[in-house]
Structures are given as C-alpha cells and as structure tokens.
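Q: here is a sequence with its predicted model. Questions after.
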Amino acid sequence: MKEHVPHPDLPPPITNVGVIGWLRTKLFSTWLNAGFTLLAAYLIYLTIPPLIDWAFIKADWFGDSREACTSGGACWVFVNVRFDQFMYGLYPAEEYWRINLAFGLLVLLAIPLFIERFHHKGILAAVILFIYPIVAYYLFAGGSFGLEAIDTSRWGGLTLTLVLSGVGIVASLPIGIVLALGRRSKMPIVKSVCVVFIEFWRGVPLITVLFMVSVMLPLFLPEGSHFDKLLRAMIGIVLFQSAYMAEVVRGGLAAIPKGQYEAAEALGLNYWKSIGLIILPQALKLVIPGIVNTFIALFKDTTLVLIIGLFDLLGMVQTAITDSNWLGFSIEGYIFAALIFWIFCFGMSRYSQSLERKLHTGHAR
C-alpha cells in the first residue's frame, strides 16, 4: 500500500505577512483605525512638508548678519553667529580651551566604564567622583596654576547647564538614598527628620527654592561675607532634587520582598551590610526608570536659574533674541535649544532602557 505523504504547508497569504501584513494589522485592522490612520496621514501632509521647506530647503545657513537671511526660510545664521555664546555664555573666547579640556577629560575617563572587560571600574569611578571635580573646578574658575580667574557670573550657556545638572545628579542620588533609608528607619528621631526634610522640599516649587537661596540666604549671612551665587543655586537644586530622589528610592526599597531582609538576617549580616550588599542593589535596579526620569527632570529644570541672574543655554538664547540686530528670529533660537535638550534627554532615556535590559529589571532576585 502506497504510503501517504502529506503536502507541504502553503505559504501564508501575502496580505498577512511583510509590509502589507503589518499595515493591515497595525493601521487598517478596523474601519475606525483606518479612519484615524488616514486622518493622521493628512495632518502629517499638512505640517511636515512645509516644515522641511522652512527649516532646510529655504533656510539660510551662512553669513554674519541678518542681511544674509533673505530666502524667507529659517535663519540659522542667527544660531551660527551666537553659537559660542550658546555653548560657553560670557566666558572669554581665548579661554574656551579650558572648558573643552574639562569635558573632554570627563569623556575619556568615562569611556572605560562602558567596557565590560575593564577591571578597574571602581577605582576609575572614585577618580571621576572625587578627583575630577577638583580638576574641573580649577580649569573653569582659574586663579591657580597660571590660569586667568573667571568669575562664575560669566559662566553660561550649555556649559552652565551641564555643570548644574551634573552636580545635581551626582550629589542628589547619595543624599536621596540616605534620606530614603532614614525614612524607613525604626529610630523615631531619624525618621521624623527625614520625613520633615522630604515633605518640606517636595512641597515648594524649585523656582521658589532658587529665589530663596539667591535673595533670602544672604540676609542671614554675616555682614561682608560673600557666598557665590552659582554655589547657592547648586545647593538649592541638590536639596530640592534629593527629596524627590529619596521617594524614588523608597519605592524600590518597599518593593523588595520581606524574605530578602529575613535572608540577610539569617546570614548573620548586620544592618549596613544587608542594606549595602543585598537590599539596596536590588532596590536601585528596580527603580532605574524612576531615577533616570528624575535626572531628566533635573536637567530640564536647570533653565529656572535664569530668575536669579544665571544664564544657562535657554537663558542665553532668550538674551540673544532680545538683541536689536536679531529681532524676529526667536523661533530658530528656541528650536536650537529644544534640540540640544532633546539630544541629552533622549540619550539618558535610551541608556536607561539598555541598562534595564542588561540587568533584567522588573523583578527582584
């Protein structure tokens, strides 16, 4: 008897695979979805082509004055002429190399931290956290080693934004961890102090904090004392942001199963060892999205320092568009500032997602 040989499976219909299948499944699965897809396509048709035409095709790119902007498109000449101010503020042009050297050194030091085979990450991280800030300060401020002294009032642009956000990010995380642990402490005084601190700083807007540290704080200092305005702003930002960081970390601590604490006790670990070796690493791993979200919010909130006379990137843009020689080109300036902020925030977001995938966040082990 002839053996029955089954026929091979037929390929799926062309309407269910490939580009056509994706369009049919994602965009035209129902009449309602098809309607929304066509409406979105129409809105894109109305907005994107004119935007590309204005921003690229008809844009003016080269020149040194507003007379070079005659095409009717975007005047990127304005950004080119003011680029140095947007990057460095009022820092002397002949001293730009000091800022470039400081940030270049940071990049070179940070690169090995992303190489898995590098075996001295702890030592390098300690150098970045404790030694590099001293080197960067002397490069920025000068006054030593033959460098010209540059007052912090002349710092500005993207440089000031990175300095404020970098200090805020690095300092607020450890302070926030200590506050989160203190709020969960069984010692009433420690817990009360941490609760009051966190709720106080979370209860006032950052703009009020900056105003207070800039205007009110000097009233309580001894007569004749000088307290740098930039340092005051840094202190206010760190204290404000550490309260929010504390709540993010506290959420991670609360998510750790009770069995993890009991396992640490069973191993005979004291409080600090159990927290440092078992509980805290898992808690921080769980709240990576919240931590990075707080960092992104801090990076954008640095624009508020304009109210106390510090000109970050957005502050320099607002100052430039008030120049009588460049009136009418505010859109180009704001688009440039928005693009810079988006690049940094998007970079932090993508790194956060890659870190989550690498550490398999979403559950405690």
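A: Ah, there it is.
Q: going by C-alpha atoms from here, please, whenever you check contacts or count neighbours.
A: OK.
Q: can you pull out the strands in this structure?
A: With DSSP state E, there are no strands along the chain.
Q: so what's the gap between the longest helix seen in it and the chain middle?
A: Scanning the chain for the helix with the most residues, using DSSP state H, yields helix 330-359. Remark: helix 330-359 is offset 7 Å from the chain centroid, using CA atoms, centre = their mean, to the nearest Å.
Q: repeat that for stretch 150-164.
A: A distance of 17 Å separates the centroid of the chain from that of stretch 150-164, by CA atoms, centre = their mean.
Q: and that stretch, end to end?
A: By CA to CA, to the nearest Å, the extent of stretch 150-164 from end to end equals 17 Å.
Q: buried ones in it?
A: 150, 152, 154-164 (16 or more other CA atoms under 10 Å).
Q: got it, and stretch 24-43?
A: Those would be 24, 27, 28, 34, for stretch 24-43 by 16+ other CA under 10 Å.
Q: which one of those residues is nearest residue 190?
A: Distance to residue 190 across those (CA to CA) is lowest for residue 27, with 55.7 Å.
Q: closest to residue 244 among the buried residues of stretch 24-43?
A: When the buried residues of stretch 24-43 are compared against residue 244 (criterion: CA to CA), the nearest one is residue 27, at 39.7 Å.
Q: would you confirm that that closest one contacts residue 37?
A: Yes. Using CA atoms under 8 Å as the test, residue 27 is close enough to residue 37 to be in contact (6.1 Å).
Q: where does the stretch 201-350 of the chain have low pLDDT?
A: For the stretch 201-350 of the chain, the stretches with pLDDT under 70 are 224-225.
Q: can you show me the helices along it?
A: Secondary structure of the stretch 201-350 of the chain (DSSP state H, counting those that start in this stretch): helices at 206-211, 229-255, 258-266, 271-274, 280-286, 288-301, 313-321, 330-359.
Q: to residue 141, which of these lies closest?
A: Checking those against residue 141 by CA to CA gives helix 229-255 as the closest, at 11.8 Å.
Q: would you mark the buried spots in the closest one?
A: For helix 229-255, the neighbour count (16+ other CA under 10 Å) marks 229-230, 232-253 as buried.
Q: for the residue positioned nearest the centre of the chain, list the residues it contacts.
A: Centre of the chain computed as the mean C-alpha position; nearest residue by CA atoms, centre = their mean is residue 296, 3.4 Å away. By CA atoms under 8 Å, 6 or more residues apart in numbering, the contact list for residue 296 reads 345, 348.
Q: look up how far residue 170 lies from it.
A: Per CA to CA, residue 296 is found 13 Å from residue 170.
Q: what do you get for residue 119?
A: Distance check for residue 119 against residue 170: by CA to CA, it reads 23 Å.
Q: residue 316: neighbour count?
A: 25 (other CA atoms under 10 Å).
Q: same question, residue 115
A: 10.
Q: for it, give me the backbone phi and psi.
A: With angles defined as degrees, to the nearest 10, residue 115 sits at phi -100, psi 120.
Q: so residue 356 makes contact with residue 288?
A: Yes. Counting by CA under 8 Å, residue 356 does reach residue 288; the two are 7.1 Å apart.
Q: tell me which of these two has more neighbours.
A: More neighbours surround residue 288 than the other of residue 356 and residue 288, with 21 against 17 (other CA under 10 Å).
Q: and that one, what does it touch?
A: By CA under 8 Å, 6+ apart, the contact list for residue 288 reads 352, 356.
Q: over to the one 3 residues further on?
A: Shown here is residue 291, whose contacts under the criterion CA under 8 Å, 6+ apart are 245, 248, 249.
Q: and for residue 234?
A: When contacts are taken as CA under 8 Å, 6+ apart, residue 234 is in contact with 164, 167, 168.
Q: leaving out sequence neighbours, find the closest residue to residue 90.
A: Nearest residue to residue 90, sequence neighbours excluded (CA to CA, 6 or more residues apart in numbering): residue 154, at 4.8 Å.
Q: so that neighbour sits against residue 93, correct?
A: No. Using CA under 8 Å, residue 154 makes no contact with residue 93, being 11.4 Å away.
Q: show the end-to-end separation of stretch 61-69, please.
A: End-to-end distance for stretch 61-69, by CA to CA: 8 Å.
Q: and for stretch 212-230?
A: End-to-end distance for stretch 212-230: 13 Å, by CA to CA.
Q: which residues touch that stretch?
A: Against stretch 212-230 from outside (CA under 8 Å, 6+ apart): 152, 153, 232, 233, 236, 308, 310.
Q: at 7 Å what do you get?
A: By CA atoms under 7 Å, 6 or more residues apart in numbering, the surrounding residues in contact with stretch 212-230 are 152, 232, 233, 236, 308.
Q: list the contacts of residue 148.
A: Here residue 148 is in contact with residue 142 (CA under 7 Å, 6+ apart).
Q: per-residue confidence for it?
A: Note on residue 148: pLDDT of 93.
Q: reformat the helices of the stretch 201-350 of the chain as CSV; add distance to residue 200.
A: Below are these laid out as CSV (distance: least, CA to CA, whole Å):
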stretch, distance to residue 200
helix 206-211, 11
helix 229-255, 9
helix 258-266, 30
helix 271-274, 27
helix 280-286, 24
helix 288-301, 18
helix 313-321, 28
helix 330-359, 28
